[in-house]
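# Pasting a predicted model and its sequence here:
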Amino acid sequence: MAASFRRFLLMRRAADDPAKDRRMAPPPPKPTPLLRRNCVVVTGLVVVIFAAITFGLWRASTFLLNYRLHDIAQRNCRQMVDRMSNFIEERLTALRYIHHFYVNSDNLSEQEFQGYCTAMLTDAPGILSVMVTDTKGHPTWVAPTDVISLEKIYLMTADPRIDVALSRSLTTLQPAITTPMEVPSYGTGFLAAMPIVKGKLHQGYIVGVFHYNSLLGYLSQPRLMAQFQVTVVQNEKTVFQTPNTPAKEGHGWLAGESILNRSEPVKIILGGQEWSVTVDPVDMRSSPAAAFVSLTILVLGLIISALIGYLVFRQQWRAAILKTEAAQNRTRLERTGLNLVEARSELNLILNSVDEGIILYNNNFDPIQANTAFLTLFNMTDNGVAMQSGTAHHEQMIQLTGSETKYWSLFNSLRNHPEQTYTDELEAPAPPGSKGREKAYLRRASTICGANDEYRGVLAIYKDITTMKAVDRAKDDFLSNVTHELRSPLASIRGFAETLRRDPEMPLETRKEFFSIICDESTRLQDLIEELLDLRRMEAAGAPFNPTAYDFKVLVEDIVRGARTILLSKNITVRLEWSGLYDGRLRGEIAQITRAIHNLLVNAVKYSPEGSEIILNGHCGKQRVWLEITDRGSGERSSWV
């Protein structure tokens, strides 16, 4: 119903907005040649402007992509410097550990010193050898002894540059590095010295021999070495350089002009020496991914320019035919008025054909329209005061519902939450002096909004659920009674079973009597449970129905065989008689049919005297199949299926 009201309101607004009913209008006329030329000129101008903006964005993207490449080179340079600084600092720390071990060891032998140094140098690649010298720098112990011969070590310690490092380390009490010098059999390297002071007495130095290629080659990353040329300079002397050749600056059509310059060297101080590191890219052109991004920006920009040009042309074209459509809109407005009358008549027909009471309120909660079911439900008339005045209407509704708070809760809830649907149950007391019962209504309501989501009113639906409530109460009473009935057979079964369990020497006759009572009570309990299940199946909305093929004769015979215990309890015989020519093959819910026939057979046994006979007379015809059950009880009743 809410959808019908919304449709009604939308058609009312359509009378004020004819443009929304364009589907009914004839094809619009074509613009004149002058207007078409204006459309082309304006569209071309817009496309040129946006193409220029796209070209500027493309050039800016190439500039940023190249700058990004330059920034990556600088970051790699800083990364290389940080790694080199940390790497050399770790080696100098290893030298400090060796110094600490030597200074704090009493009666240290040369073999112990060599073993400790060999273990430390294994974890600190880049240090070729460690030696202990006297105060003048002459070596006494060397570890390991097989890396550099003693003669070559004496040759290195005779170099005047080591004296400068020894003096500086003695002054600072920290490792001091020499300027680049030749390490025999290895190439360019340097020495790092740290003084040995025990009890303020200078006893010599711990000196480590470092080799640049071994040190920095271990440090280098393969990816970094493949993409960049790394140059390390110490005291204005190049001590390490990768074999790559830096690329020259160039131009690329997609990537734009390269803006890369040679990287500025980064300088650090390690061991009293100045180190300078430079990282230059090998290939200064933009990567394929960068070129793809640049080309994508260009293509998307051109596509967007063409799309905007199309939209501008379309808008201009629509503006050119706007005057021609004015006359057609007036005709369409008249046609919409006729459609509105038809829609209102259709809406009234729909509203008056439903059983639920429906009423529509405006944004001031004044009644606008109600169907016949609502007027009948609350004893109102279409032209009465209760439908003419909002105050009188609400007063009468409050009087009928019996609760002002409960009645206004609908409108208050929709005022605070207009996007939600309100649902509640409303119980109206019986009129004073009447013998009728109180009424119960299911009330549902929702707001009606316009095209711009403005609040237009409230649609309320009232459904009389008094009978449904009475049925629910009757069902509850029935379930309560059945539940009470279930307790009696359960108590009997449990009591007699406990008696049988506790008295194993009970006489056989008494035992048979107890067993008979237990069987009877269990049968009674089963019947009660089956009744509950039948009630549940009947109440289940949309309960599945699974028909299967079966033979009616065979089904009846199986039911009789299954009830032989009940029949033998009263010594009753059953006689089956069949007539008709049809074989009795049917399709249906076997479980339900079996239960119905079984219940009829049990009833016949219940009302039949002992030793009597029950007759089952079945007939299988082409159109119908039936079964008549006749017992010999008082009145000789018959049951039909």
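Received, thanks. Numbers count the residues shown, from 1 in each chain.
# how about the helices of the stretch 151-300 of the chain, start to end?
Listed in chain order, the helices of the stretch 151-300 of the chain (DSSP state H, counting those that start in this stretch) span 160-172, 212-219, 222-227, 288-320.
# between those, which gets nearest to L616?
helix 288-320 (83.6 Å; CB to CB). Heads up, the C-betas are built off the backbone N, CA and C, glycines and all.
# In the closest one, which residues are buried?
290-291, 293-294, 297-298, 301-302, 305, 309, 312-313, 316-317, 320 (16 or more other CB atoms under 10 Å).
# next one: stretch 486-493
Within stretch 486-493, the residues that count as buried by 16+ other CB under 10 Å are P489, S492, I493.
# How about the contacts made by the second one?
It stands for S492. Taking CB atoms under 8 Å, 6 or more residues apart in numbering as the contact definition, S492 lies against I517, I518, E521.
# In CSV, list the helices of the stretch 151-300 of the chain along with distance to G357.
Shown next, in CSV, are these (distance: least, CB to CB, whole Å):
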stretch, distance to G357
helix 160-172, 101
helix 212-219, 88
helix 222-227, 80
helix 288-320, 47
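# Tabulate these (TSV), appending distance to G199 and mean pLDDT.
Listed next are the helices of the stretch 151-300 of the chain as TSV, based on distance: least, CB to CB, whole Å; pLDDT from 0 to 100:
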stretch	distance to G199	mean pLDDT
helix 160-172	16	88
helix 212-219	34	66
helix 222-227	48	64
helix 288-320	65	76
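# Can you say which of those is nearest to V147?
helix 212-219 (10.8 Å).
# The longest helix along the chain vs helix 288-320, what angle?
For the chain, the longest helix by residue count, based on DSSP state H, is helix 33-103. With axes from the mean of the first three to the mean of the last three CA atoms, to 10 degrees applied, the angle from helix 33-103 to helix 288-320 works out at 150 degrees.
# Quick one: distance of helix 33-103 to the chain centre.
36 Å (CA atoms, centre = their mean, to the nearest Å).
# could you give the mean pLDDT of that helix?
The average pLDDT for helix 33-103 rounds to 78.
# can you pull the contacts of the closest residue to L92 other than its chain neighbours?
Nearest-residue entry for L92: P175, 4.7 Å, with adjacent residues in sequence omitted and distances by CB to CB, 6 or more residues apart in numbering. Contact analysis of P175 by CB under 8 Å, 6+ apart lists L92, L95, R96, S169, A192, A193, M194, G208, G271.
# same thing with G402?
E427, A428, P429 are the contacts of G402 under CB under 8 Å, 6+ apart.
# how much space is there between it and P367?
20 Å (CB to CB, to the nearest Å).
# returning to that earlier point: turn the contacts of S492 into TSV, including pLDDT, distance to R68 and secondary structure.
As requested, these are exported to TSV (pLDDT from 0 to 100; distance: CB to CB, whole Å; DSSP: H, G, I helix; E, B strand; the rest coil):
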residue	pLDDT	distance to R68	secondary structure
I517	78	95	helix
I518	82	91	helix
E521	74	90	helix
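# ok, of the residues you listed, which one's closest to T423?
E521 (46.3 Å).
# Which pLDDT does the model give the residue nearest to the closest one when sequence neighbours are not counted?
Once flanking residues are discounted, E521 sits nearest to P489: 4.0 Å by CB to CB, 6+ apart. Predicted confidence (pLDDT) for P489: 73.
# Please apply the same query to M194.
91.
# And for V132?
91.
# could you pull out the helices for the stretch 501-641 of the chain?
Going by DSSP H, counting those that start in this stretch, the stretch 501-641 of the chain shows helices at 508-539, 552-562, 564-569, 590-606.
# Identify whichever of those helices lies nearest to N379.
So among the helices of the stretch 501-641 of the chain, helix 508-539 is nearest, using CB to CB, at 33.3 Å.
# Give me the buried stretch members for that closest one, please.
By 16+ other CB under 10 Å, the buried positions in helix 508-539 come out as R511, F514, I518, E521, R524, L525, L528.
# the inter-axis angle of that helix versus helix 590-606?
140 degrees.
# helices or strands up against helix 508-539?
Packing partners of helix 508-539 (3 or more CB pairs under 8 Å, 6 or more residues apart in numbering; DSSP states H and E): helix 466-502, helix 590-606.
# From Y205, how far off is D134?
8 Å.
# Between the two, point out the one with more neighbours.
Between D134 and Y205, counted using other CB atoms under 10 Å, Y205 has the larger neighbour count: 28 against 13.
# among the helices and strands packed on helix 508-539, which gets the worst mean confidence?
Mean pLDDT is lowest for helix 466-502 out of the helices and strands packed on helix 508-539, coming in at a mean of 75.
# buried residues in that one?
Those would be K469, P489, S492, I493, F496, for helix 466-502 by 16+ other CB under 10 Å.
# residues touching the residue lying closest to the last one once chain neighbours are set aside, list them.
Pointing back at F496 there. Nearest residue to F496, sequence neighbours excluded (CB to CB, 6+ apart): F514, at 4.5 Å. Residues in contact with F514, defined by CB under 8 Å, 6+ apart, are F496, T499, L500, M506.
# ok so, going back, what sits against the residue nearest to E521?
E521, S522, R524, L525, L528.
# try 7 Å
P489 makes contacts with E521, R524, L525, as judged by CB atoms under 7 Å, 6 or more residues apart in numbering.
# Let's have the residues you listed in JSON lines, adding distance to G450.
Formatted as JSON lines, the contacts of P489 follow (distance: CB to CB, whole Å):
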{"residue": "E521", "distance to G450": "69"}
{"residue": "R524", "distance to G450": "66"}
{"residue": "L525", "distance to G450": "63"}
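# thinking again about what came up before, between the contacts of P175, which has the most around it?
For those, neighbours tallied by other CB under 10 Å; top is A193, 29 neighbours.
# now that residue: how far from T133?
Distance from A193 to T133, by CB to CB: 8 Å.
# Spit out the residues that contact the two alike.
What both A193 and T133 touch, as defined by CB under 7 Å, 6+ apart, is the set Y205, V207.
# Out of the buried residues of helix 288-320, which comes closest to T145?
A290 (54.7 Å).
# Which residues does stretch 201-210 contact?
By CB under 7 Å, 6+ apart, stretch 201-210 touches 91, 95, 98-99, 102, 126-135, 137, 148, 166, 169-170, 183, 189-196.
# Could you tell me which residues make contact with D355?
Here D355 is in contact with A373 (criterion: CB under 7 Å, 6+ apart).
# Now that we have the contacts of stretch 201-210, which of them are buried?
Using 16+ other CB under 10 Å as the burial test, the contacts of stretch 201-210 include 91, 95, 98-99, 102, 126-133, 137, 148, 166, 169-170, 183, 189-196 as buried.
# Out of the residues you listed, list just those in strands.
127-133, 183, 189-196 (DSSP state E).
# isn't E521 right up against R494?
No - with contact defined as CB atoms under 7 Å, E521 does not count as touching R494 (9.6 Å).
# where does the stretch 301-450 of the chain dip in pLDDT?
The model of the stretch 301-450 of the chain has pLDDT under 70 over residues 323-329, 334, 337-344, 348, 351, 430-437.
# Spell out the residue ranges of the strands in it.
Remark: strands assigned in the stretch 301-450 of the chain by DSSP state E, counting those that start in this stretch are 357-362, 367-370, 422-428, 439-449.
# Just the buried positions in the first one, please.
Read it as strand 357-362. G357, I358, I359, L360, Y361.
# Please report how far N371 lies from I359.
In terms of CB to CB, N371 sits 8 Å off from I359.
# now R501
R501 is 68 Å from I359, by CB to CB.
# Please apply the same query to A373.
10 Å.
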